Structures are given as C-alpha cells and as structure tokens.
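[1] What shape does this take:
(chains A and B)
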2 protein chains.
Amino acid sequence: MATDNPEYKTSSTPAAAPAGVDFFIFDVILRFLLFAASLVAVVVIVTGNQTIYLPFPRPAKFRYSPAFVYFVAAFSVAGLYSIITILASLFVKKSPALKTKLLLYFIFLDALILGITASATGSGAAVAYVGLKGNNHVNWNKICNVYDKFCRHVGGSLAVGLFGSVVAVLLIWLSAYSIHSRAPR
Amino acid sequence: MATDNPEYKTSSTPAAAPAGVDFFIFDVILRFLLFAASLVAVVVIVTGNQTIYLPFPRPAKFRYSPAFVYFVAAFSVAGLYSIITILASLFVKKSPALKTKLLLYFIFLDALILGITASATGSGAAVAYVGLKGNNHVNWNKICNVYDKFCRHVGGSLAVGLFGSVVAVLLIWLSAYSIHSRAPR
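    Next up is the predicted model:
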C-alpha cells in the first residue's frame, strides 16, 4: 500500500529505492544486448557475400532477397533505437521524476521494435529455410549446398536476430514490471 | 501526486474510476479483434487449396510450405489466447483489486503473442513474395501466375495477420497505459 513515489520515498521507504536502481541497470544492460545483437546480425549477413564460379560467376548477396534487405533494415533501426534509448536512460537517471513517464514511452517503442525485429527474423528465416531445404512442390531448388559460406552467415545472423527479438520481449517485460512496481497494489 | 489506489479512490477521486472502466472495454474490444483476425487469417489460408491440371494434377496447399504451417499454428495460438484472455478480463471485471496484477500478466503474454504473430506474418509474407515475384538470382520461379486463387487467399490471410499483429501492439500499449495511469506521477 506504499505510494512508491520516488520523490518522497528517500526518507520514508528507503528499501524500495535500490530495487528501482537495479531495474534501471538491467534495462540498460538489455538495451546494450539489443544493440550488440543488432550490430552483429547486420554485420554477419552483410559480410556473407559469396561468388560461385560454375564456370561463370554467380554471386549470392543478401540484397538479392527482399526478405534479407528487410532484415538488415529492421536490425539497423533496432540498433539505432537501442543507442538512443540507452542515452535517454542515462540522461533520465539524474531526474527520477521523469522515469515513470519514460518507462511508458519505452514500452510503446519497445513493442514497435519487437514487431519489427520479430517479423524481420521470421521473413529472413522463411527464405533461408527455402534456401536450405528447397521446396519440391513448386520446384524451388535448395541453394545452401552451393553457397555454403553465404548460408552460414545468414544462419548465424538469423540466430543473433532471434536473440535480439527475445531481448526486445524481455525489455517490454522489464519496463512493464517496473511500472507495475510503482503502482499501488 | 495522487496515489490512485482503486480501493481508496471511490470517495476521494471518483473521476479516475470511469476511465479505468473504459480502458477495460477497449481491452476486450481489442482482444475480440485479435480473435476475429486470427480466425479469419487461419480460415482464409486453409481454404486456399487449389489444384492445377497441366495436364497432371499439381495441387497447392498451405501445408506444403513450412512458413505457412507456422503461420496457421501461430494464429491458432493467438486465437485461443484471445478467447482465454477475454474470459479472464470478464471474470476479473467483478474484482477490481486483481486488475493491476492481471494487466501485468497481460503485457507479459501479449508481448509473446506479438512476437509469435509478427514473426509468422513476416515468414508467410517472405515466402508469398517469392511466390509472387520469384527470384531470378537463384532460379526460384514465380507461381502466383499459375495458382491465382491460392495466392489470393494467402495474400488476404497475410493482410489480416498483419492487422492482428498491429492489434497485439495496441494491446500492449493499452495495458501499459492502464498500469501507468494507476502509478503515481
């Protein structure tokens, strides 16, 4: 039944203050993980270009597939977003009165980023799966037996992208729990 | 600086109570929209089977593509989830003390559902785009010039699935705003 107002709690309920600080640190850690995952995902898929000579050159590039282009664009946005929100978190750390408001905006934006990264991972994985297994029903041949390096990079990038999407879910959970912990029971 | 505690507000701040009730109605409406979108998305893609005779029969079914199977599974889960959460909302309506707790659980689960539906829509759209345009770089032929009905159903189902994903984002926004409105400023 405590009001949990950060401006008044320093003298009355000191036990709640460290918990809020811990949430904040977890938040910055998760955002840094999202940034790292986005950076790795983009770099790994972009560096996966491979050219096969059979006998004339046949290159494989991520930009040949609209799904992979969307994947790169989505995780570029997610990476930029995580940098901006880390800076916003650090800036707001000094003025705790803004924190509850910022947590709400973070949930709003995190939900958008989750939608973008999850759909990008899904679309990339769908095309990668066709490349890996092919589809006999419509005569789409598998290509990963030829473009081994390209497919390894795509697979690694997708795994990191999935990790980034999970981090986005955790960010929403953490912000929601933080706001909830400030609300009266 | 008001505490907004629903157990104590009836006498002191009656203006906040109707707002909470409105949020609740919007929540149920959004969950019903998610249920409707999930049902329509699943039914439309499942009924899209088409057999072409050229001259031997070549059927096109959603279950020939792992991406479409995932799409159907994801939106079946989303449909069931929305029924369960509508019932939970209606059940909790009579005991407002549980509401803030339930809103938190709703955000947790809504984030998962958003991840599932967004990735399913992305994967379905990626395969559908290959079917629509083909990919010359890897000799994947377009198939929508042959399977017109199948592709119409897939496209309609994906559009409804995208709508369902947007509804999942709105559900997170609404729950977050509801919890935030109960927290002290």
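
[2] how near is residue A:119 to chain B?
    Look at residue A:119 and chain B: by C-beta to the nearest C-beta, to the nearest Å, they are 3 Å apart. Placement of C-beta: from N, CA and C, glycine included.

[3] In space, what's closest to that residue - neighbours in sequence excluded?
    residue B:122 (3.3 Å; C-beta to C-beta, 6 or more residues apart in numbering or on different chains).

[4] which element is the one you found on?
    Secondary-structure assignment from DSSP states H and E places residue B:122 in helix B:99-133.

[5] now swap in residue A:150 and tell me
    Following DSSP H and E, one finds residue A:150 within helix A:148-182.

[6] In chain A, which residue is most central in space?
    For chain A, residue A:164 is the residue whose C-alpha lies nearest the centre (C-alpha atoms, centre = their mean; 3.4 Å).

[7] Enumerate every residue touching it.
    Contacts for residue A:164 (C-beta atoms under 8 Å, 6 or more residues apart in numbering or on different chains) come out as A:33-34, A:37-38, A:41, A:75, A:78, A:117, A:121.

[8] same check, this time on residue A:62
    Contacts of residue A:62 by C-beta under 8 Å, 6+ apart are A:45-46, A:48-49, A:68-69, A:71-72, A:154.

[9] do the same with residue A:161
    A:37, A:41, A:71, A:75, A:117, A:120-121, A:124.

[10] could you redo the last one with a cut-off of 10 Å?
    Contacts for residue A:161 (C-beta atoms under 10 Å, 6 or more residues apart in numbering or on different chains) come out as A:37-38, A:40-42, A:44-45, A:71-72, A:74-75, A:78, A:117-118, A:120-122, A:124-125.

[11] Now do the same for it: its pLDDT.
    We note a pLDDT of 96 for residue A:161 in this prediction.

[12] From the centre of chain A, point out the most distant residue.
    Distance to centre of chain A, C-alpha atoms, centre = their mean, peaks at residue A:55 (40.0 Å).

[13] what pLDDT does it get?
    What the model reports for residue A:55 is a pLDDT of 78.

[14] how close does it get to residue B:57?
    The gap separating residue A:55 from residue B:57 is 39 Å, by C-beta to C-beta, to the nearest Å.

[15] Counting neighbours, show which residues of the helix holding residue A:150 come out buried.
    Buried residues in helix A:148-182, defined by neighbour count with 16 or more other C-beta atoms under 10 Å in any protein chain shown: A:150-151, A:153-155, A:157-180, A:182.
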